[in-house]
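*Asks:* mind looking at a prediction? Sequence and model below.
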Amino acid sequence: MSSIVALTNPILLQVVIDKILIQSQIYLLQYVFAIFLLFYGISIIISYASGYISTYIGQGILRDLRAKIFDHMQHIKLEEKIELESGDFITKINDDKATVSSYVSTSFVTLISYITNILATGALMLAFLCQNA
């Protein structure tokens, strides 16, 4: 979603160059600046919400993973627990937790951002194509 907001910058720059600088319509500068600030504020809010949601989802996944591991540990026979090295087991759990956390916080958000960017760019190109046709 923030990539859609980021696509407004070239449009605003076009207005600044074409209307304000070339055609000397200085009165438009305050409106362009206000629109720029508005979209920048929206971008900040979207970025914060995206981080919050990805953290919330990641923590939920980790909570479920920990609960399943704990439940599994409760059902392992005592002989099998003795054979397991506790340090090795804890290291594997922490590595899995770090992997899941990294995926949810970076990879998933990046994927969504790329998809949104592609769709927004395509929509913008289609709009310009229809406008110039």
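*Replies:* Looks like it arrived, so ask away. Residues are numbered from 1 along each chain as shown.
*Asks:* run a quick neighbour tally on A67.
*Replies:* For A67, the neighbour count with other Cβ atoms under 10 Å is 10. (Each C-beta comes from the backbone N, C-alpha and C, glycine too.)
*Asks:* distance of it from T55?
*Replies:* Going from A67 to T55 by Cβ to Cβ, to the nearest Å gives 19 Å.
*Asks:* Provide a list of residues in contact with the residue nearest to the spatial centre of the chain.
*Replies:* In the chain, the residue lying closest to the centroid (Cα atoms, centre = their mean) is V109, at 3.7 Å. Residues near V109 by Cβ atoms under 8 Å, 6 or more residues apart in numbering: S50, G51, S54.
*Asks:* the bottom helix or strand of the chain by mean pLDDT?
*Replies:* None of the helices or strands of the chain scores lower by mean pLDDT, DSSP states H and E than helix 78-83, at a mean of 61.
*Asks:* ok so, going back, which of the contacts of V109 are buried, as a ChimeraX select command?
*Replies:* Per 16 or more other Cβ atoms under 10 Å, the buried members of the contacts of V109 correspond to this ChimeraX selection:
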select :54
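*Asks:* want to throw the contacts of V109 into CSV with distance to T8, pLDDT and secondary structure?
*Replies:* Below are the contacts of V109 laid out as CSV (distance: Cβ to Cβ, whole Å; pLDDT from 0 to 100; DSSP: H, G, I helix; E, B strand; the rest coil):
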residue, distance to T8, pLDDT, secondary structure
S50, 18, 78, helix
G51, 21, 77, helix
S54, 24, 77, helix
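*Asks:* turn the contacts of V109 into CSV, including distance to S113.
*Replies:* Listed next are the contacts of V109 as CSV, based on distance: Cβ to Cβ, whole Å:
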residue, distance to S113
S50, 8
G51, 12
S54, 11
